[in-house]
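> here is a sequence with its predicted model. Questions after.
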Amino acid sequence: MPADSGEATAEGQEKGSTKDDVSPSPQPERSEGVGEGAGGVRLKMRLVHTVRETRQAVTEARAQGRSIGFVPTMGALHAGHLSLIEAARRRDGFVVVSIFVNPTQFGPQEDFAKYPRTLEADCALCREAGVDLVFAPPIEEMYPEGFATTVHVAGVTERMEGLFRPGHFDGVATVVCKLLGIVQPERAYFGQKDYQQLVVVRRMVADLNLPVEVVGCPTVREADGLAMSSRNRYLSAEERTVAPRLYQALRAGAEVLRRGGTGEEAVRRAQEVLVSEPRFRVQYVEAADPETLAPHPQAGRPAVLLAAAFLGETRLIDNLVVE
């Protein structure tokens, strides 16, 4: 499940409508644009909470000849999520968004309890964005009594986020694998903001021969460069003014690589920019191979710079691919 975005992640607004648009055979509406069925008929957006309802809706859409695009999220949707939905709408005829705050990807000292849950607002955004189906399961639907399976992806999970968040990627891989099995999309859309997560999901899909195309979409940023994240709302006003320094540090490191410097030199330069702001508590700055995430200490491109740091009580992550 997208951690911050994706992280992360996890999206016409009908004012005053908060009920689930669920029925076994929903009545079609006339609509324009992507997502239409035969004869330009498009189904009203539906909110469902069970695997059975989700599979039924997807089966009906596929019977109409519509390809399935899937955007997994943890909710608290923002413009980054909406860009994933837009990408899905451009390529697929039926767009599914999942909203599920996945407990298995949070550590014991992390923010599962306080992670924002804004289902009504999220559904309004999804409706406005042209989503066809929102799947918002309760925890017991995804992890029923007796659930005993974990998906572990070796190698690409062992550094950076995997080092500082033990077990995180097992939770991500397990829930994403389950969601892909439930929705069975042609394509699934993930933000590059959670870059290591994207690599992990691609490795899992390839290793397990899952019949889905994993589409990575560019990071969406605020005007000052801060990568959009559901956790940005934790920042105080003062912290928010400082937060773009993380992206500035990555840009400084990227410039070193573009000028022929090594990955080690790029990391040192990014760290210099970050430590000049004492409110940051840096966890890691790394240069890595964009496909394997193996360390990239040498000169040469492509490479990806990745960083994580606490600003106050808020943990921020970001990355920059240097072509």
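Now that the structure is in, tell me what you want to look at. Being a predicted model, the structure only gives us computed values, none of them experimental. Numbers count the residues shown, from 1 in each chain.

> pLDDT below threshold where in this structure?
By pLDDT under 70, the low-scoring segments of the chain are 1-43.

> which stretches of it form strands?
Counting by DSSP state E, the chain has strands at residues 28-30, 41-43, 46-48, 68-73, 94-99, 133-135, 187-191, 213-217, 280-288, 303-311, 314-322.

> how big is the angle separating the fifth one from strand 68-73?
Which is strand 94-99. Relative orientation of strand 94-99 versus strand 68-73 (axes from the mean of the first three to the mean of the last three C-alpha atoms, to 10 degrees): 20 degrees.

> list the neighbouring strands of strand 94-99 plus their orientation.
strand 68-73 (parallel), strand 133-135 (parallel) (DSSP bridges).

> and the last one, how far out from the chain middle?
A distance of 16 Å separates the centroid of the chain from that of strand 133-135, by C-alpha atoms, centre = their mean, to the nearest Å.

> now do stretch 74-88
A distance of 8 Å separates the centroid of the chain from that of stretch 74-88, by C-alpha atoms, centre = their mean.

> and that stretch, C-alpha only, in PDB?
Taking C-alpha atoms only, stretch 74-88 is exported to PDB below (Å, rounded to 0.1, in the frame of the first residue of the first chain):
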ATOM      1  CA  MET A  74      -4.200   5.000   2.400                       C
ATOM      2  CA  GLY A  75      -6.600   7.900   2.000                       C
ATOM      3  CA  ALA A  76      -6.100  11.500   3.100                       C
ATOM      4  CA  LEU A  77      -6.000  12.200  -0.600                       C
ATOM      5  CA  HIS A  78      -4.200  15.200  -2.100                       C
ATOM      6  CA  ALA A  79      -3.100  16.400  -5.600                       C
ATOM      7  CA  GLY A  80      -0.400  13.600  -5.800                       C
ATOM      8  CA  HIS A  81      -3.100  10.900  -5.500                       C
ATOM      9  CA  LEU A  82      -5.300  12.800  -8.000                       C
ATOM     10  CA  SER A  83      -2.400  12.700 -10.500                       C
ATOM     11  CA  LEU A  84      -2.400   8.900 -10.300                       C
ATOM     12  CA  ILE A  85      -6.200   8.800 -10.800                       C
ATOM     13  CA  GLU A  86      -5.800  11.100 -13.800                       C
ATOM     14  CA  ALA A  87      -3.100   8.800 -15.300                       C
ATOM     15  CA  ALA A  88      -5.400   5.800 -14.800                       C
END
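
> what comes up buried for that stretch?
74-78, 80-88 (16 or more other C-beta atoms under 10 Å). (Each C-beta comes from the backbone N, C-alpha and C, glycine too.)

> I'd like to know which of these is nearest to residue 166.
Minimum distance to residue 166 across the buried residues of stretch 74-88 is 19.4 Å, recorded for residue 74 (C-beta to C-beta).

> that closest one and residue 197 touch, don't they?
No - at 11.7 Å, residue 74 does not count as touching residue 197 under the criterion of C-beta atoms under 8 Å.

> what are the ranges of the helices in the chain?
Assigned by DSSP state H, the helices in the chain fall at 51-63, 79-91, 119-129, 139-142, 161-164, 168-183, 195-207, 237-242, 245-258, 263-275.

> and of the strands paired with strand 94-99, who's closest to residue 175?
Residue 175 lies closest, by C-beta to C-beta, to one member of these: strand 68-73, at 7.9 Å.

> can you put the helices of the chain in TSV and add distance to residue 305?
Listed next are these as TSV, based on distance: least, C-beta to C-beta, whole Å:
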stretch	distance to residue 305
helix 51-63	38
helix 79-91	19
helix 119-129	31
helix 139-142	34
helix 161-164	14
helix 168-183	20
helix 195-207	10
helix 237-242	19
helix 245-258	5
helix 263-275	6
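
> closest one to residue 216 among the ones you listed?
Nearest to residue 216 among the helices of the chain is helix 195-207; the distance by C-beta to C-beta comes to 5.1 Å.

> for that closest one, packing partners?
Identification of packing neighbours for helix 195-207 by 3 or more C-beta pairs under 8 Å, 6 or more residues apart in numbering; DSSP states H and E yields helix 161-164, helix 168-183, strand 187-191, strand 213-217, strand 303-311.

> of these, which is nearest residue 106?
For those, proximity to residue 106 was assessed by C-beta to C-beta; helix 168-183 is nearest, at 7.3 Å.

> check the offset of that closest one from the chain's centre.
Chain-centre distance of helix 168-183: 12 Å, with C-alpha atoms, centre = their mean.

> since that was my last question, I'll sign off now.
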